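Q: prediction below, plus the sequence it came from.
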There are 2 protein chains.
Amino acid sequence: MANYVAFDAQRAIEYVNSLIDSKQCDFFIAGQNLSAYEFGDGNLNLVFRVSDEQNNSIILKQALPYARCVGESWSLTLDRARIEAQVLLNHGAICTEYTAKVLHYNHDYALTILEDLGSLQILRAAQNNAQQFPKLAEHVASYLSHTGFYNSDFYLAAQHKKALVKQFTNPELCQITEDLFFSDPYTEHERNNFPVQLAPQVKALRDNTVLKLEIAKLKANFLSNPQTLLHGDMHSGSIFVDTNTTKMIDPEFGFFGPVGFDIGSFIGNLLLNYCAQAGHIEEFVTRRNYQTHLLSCIVETYTLFEQHWLNFIDTKTVDASLSSKAYAQYFMKNVLQDAIGYCGAELIRRTIGLAHVVDIDSIADEATRLSVQKQILALGEQLILNAHTCETKDAFFSLLISQLN
Amino acid sequence: MANYVAFDAQRAIEYVNSLIDSKQCDFFIAGQNLSAYEFGDGNLNLVFRVSDEQNNSIILKQALPYARCVGESWSLTLDRARIEAQVLLNHGAICTEYTAKVLHYNHDYALTILEDLGSLQILRAAQNNAQQFPKLAEHVASYLSHTGFYNSDFYLAAQHKKALVKQFTNPELCQITEDLFFSDPYTEHERNNFPVQLAPQVKALRDNTVLKLEIAKLKANFLSNPQTLLHGDMHSGSIFVDTNTTKMIDPEFGFFGPVGFDIGSFIGNLLLNYCAQAGHIEEFVTRRNYQTHLLSCIVETYTLFEQHWLNFIDTKTVDASLSSKAYAQYFMKNVLQDAIGYCGAELIRRTIGLAHVVDIDSIADEATRLSVQKQILALGEQLILNAHTCETKDAFFSLLISQLN
């Protein structure tokens, strides 16, 4: 990446023009005046929208060599641009409908050109606005189960899978998750971020040796269980939605890890929003209805996710040793328990770790916000502690309902 | 490896002379007449002993691009020579005393020069001769626990470990294990090799859905659980011994896999010899004494292996999340159960799969041989089926004793 230079809007236009002129891409007709602006609000990247005179547009996303949110002192590999583009290409080949489309990738500039999904909304923002997306559960379940199964030992020849595991080895970004998800919240660390009023709850978490044992298991599983090519960052900010459409973006944390991680993260983000609504929707019945919608979305997502997986194992498994119904049940029980654990860990780390969610932080009333944060910590803890008791998805749903009432 | 050519004795001498003349190695004084002969009895490699006029000697081992035992039709990556040399270097740096020493490695020729351990015996041959090695258990336990721990998530920084996992990705040789260990014995396959008299036992294994579920778990765990850098082929033919010395050789199947695999394979080979003695040592008390020695060796090896591991986790763990006693207990319980399962799988595949052991095949009396084979199949089955019931090593030892009496 010797030629790397961080782009500005003008450079973005020049770069796109050079692609068009050399006929490497055809997303714009040659010879037009292009316009561009940067609008990235993420932590790690520059994001430009480049438009032609007819207002056709594409997204040019460029990795920065440091974490934008922390400053240039936290350097970060540009290889994550390759990972992101290659995960999108892998997942897009399996599940075109729900994966953002890559139009071009340049290794030297750590730069990807993507279809412009600006007509859609980011799920997190929409949910903070109490919007409902009737197809979200079906689409997410389909995306996670398809990309999960077709990158797993059930389907891939072992030698091919090992090559993919190497290709998607993502040490620096995995390290971020390893630290922020599994380590920081359970120790004193300057990256943690929580109000002093939560100190008793935080101390109780850190003193809970049974909880920390479960966190150790979840971390070890995250470190060394390359079951499938994960998205790696399946929170509500990585999903574009409208009534009929769902598109996953930003898989720069992608790597081969445990199947339960992505679905657990997704459900965790729905639960964060569920709890946060106490600070957003004042009217009780309206709030209750929206929370019920979120809970239905969780139940529907997990139910379809599991149905798809069981169906795939039954009908598409290539490795005959792994094709029995008994093994499928065993495998999916472990996926469920992993998912519940990772879901709980997501709730805790988003509340007391470095990276918060706007769902919670935007609650204006401090007392309400603290109450919501306490509820989330307690829920996260109970999910982690009770994950191994959930033999079936229904037991998980019952656990959720008992904790949320 | 464009320059690759399979060596004969003359080429081996010329190659060693070229190293000496160019001062790349100093194992012989320059200007002597060297002699060499090939004596490899393995399946996959050429092995030369090269000696000088004072009878100092080294071993030159060269990988062949096919499996020697099957013929040139079964091609096999030369990259295994790199894996073998690099595993020996990795393990030798951690555990010099029990790892064969690499003197030189040449990538183009897929060739490694090793210290000559010809003054020692191969463990399998020695055990078939009813010899005892009082330090074997201590040495093997030390080798497996040291190399296991220092290549694990407990000790290595996550980014370093991921780089090692890539370095030691070994798809072709893992495929051999995946097929021969976990698939072939449980299906009809032309590679299988067992007398027709065992057909009822083999059919019973294949019809046992509970057994096949456990085999599926063991295979999936072998495919996707990169806990540490394994030797990968810890049978009694990979160990040189004498009264005071133990040296591991031939880790060309090395890769990052489950900790329980190597120790399970090792114990499996001791059990194969245990059962085989019914066909070798006629006198009951003598036989019983030797078998008791083998059983003591198993108990001592596993006990020390677990002690070392628990001590290392307690005192040397770098990842604070994984350092609790509770997690150590959980981890070691899983290692134990994995080891028991892999041990059982080794017993079965050595009896009805492609690669047999001379311990059994050399039993002259057919009826005795068949009886031993049936005992081994039954023992393997019981170990696999009951592995998950063994919460402690003592439960494992009790299980073993109950099956062997």
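A: It's in. Numbers count the residues shown, from 1 in each chain, chains lettered A, B, ... in the order given.

Q: tell me who's in contact with the residue in the stretch 1-150 of chain A that chain B sits nearest to.
A: Per C-beta to the nearest C-beta, residue A:77 is where the stretch 1-150 of chain A lies closest to chain B, at 10.0 Å. The C-beta positions use only the backbone N, C-alpha and C, and glycine is treated the same way. Residue A:77 makes contact with A:65, A:172, A:173, according to C-beta atoms under 8 Å, 6 or more residues apart in numbering or on different chains.

Q: chain B next: which of those are close?
A: Restricting the contacts of residue A:77 to those near chain B by C-beta under 8 Å from any C-beta of the partner chain leaves residue A:172.

Q: export the contacts of residue A:77 to a markdown table and tack on distance to residue A:95, pLDDT and secondary structure?
A: Supplementary listing: those in a markdown table, determined by distance: C-beta to C-beta, whole Å; pLDDT from 0 to 100; DSSP: H, G, I helix; E, B strand; the rest coil:
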| residue | distance to residue A:95 | pLDDT | secondary structure |
| --- | --- | --- | --- |
| A:65 | 31 | 85 | coil |
| A:172 | 26 | 95 | helix |
| A:173 | 22 | 95 | helix |
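
Q: neighbour-wise, which of the contacts of residue A:77 leads?
A: When neighbours are taken as other C-beta atoms under 10 Å in any protein chain shown, the top entry among these is residue A:173 (21 neighbours).

Q: could you tell me how far it is located from chain B?
A: To chain B, residue A:173 is 10 Å away according to C-beta to the nearest C-beta, to the nearest Å.

Q: what's around the spatially closest residue to that residue that is not a sequence neighbour, how many residues?
A: Take residue A:173 and drop its neighbours on the chain: the residue closest to it by C-beta to C-beta, 6 or more residues apart in numbering or on different chains is residue A:253, 4.7 Å away. Neighbours of residue A:253 under the rule other C-beta under 10 Å: 25.

Q: assign residue A:253 to helix, strand or coil.
A: At residue A:253 the chain is in coil, as set by DSSP: H, G, I helix; E, B strand; the rest coil.

Q: how close does it get to chain B?
A: When C-beta to the nearest C-beta is the yardstick, residue A:253 and chain B sit 14 Å from each other.

Q: residues contacting that residue?
A: Contacts for residue A:253 were tallied using C-beta under 8 Å, 6+ apart; they are A:80, A:83, A:170, A:173, A:174, A:176, A:177, A:230, A:231, A:232, A:233.

Q: swap in residue A:257?
A: Residue A:257 makes contacts with A:174, A:222, A:225, A:226, A:227, A:228, A:230, A:232, as judged by C-beta under 8 Å, 6+ apart.

Q: ok, now with 10 Å
A: Applying C-beta atoms under 10 Å, 6 or more residues apart in numbering or on different chains, one finds that residue A:257 lies in contact with A:168, A:170, A:174, A:177, A:221-232, A:338, A:342, B:224.

Q: can you map out the strands along the stretch 201-350 of chain A?
A: Here the stretch 201-350 of chain A has its strands, by DSSP state E, counting those that start in this stretch, at A:228-230, A:239-241, A:246-248, A:255-257.

Q: my guess is residue A:40 contacts residue A:46. True?
A: Yes - under the contact definition of C-beta atoms under 10 Å, residue A:40 touches residue A:46, with a separation of 5.4 Å.

Q: and these two? which has more neighbours close in?
A: Relative neighbour count places residue A:46 above the other of residue A:40 and residue A:46, with 21 against 15, counting by other C-beta under 10 Å.
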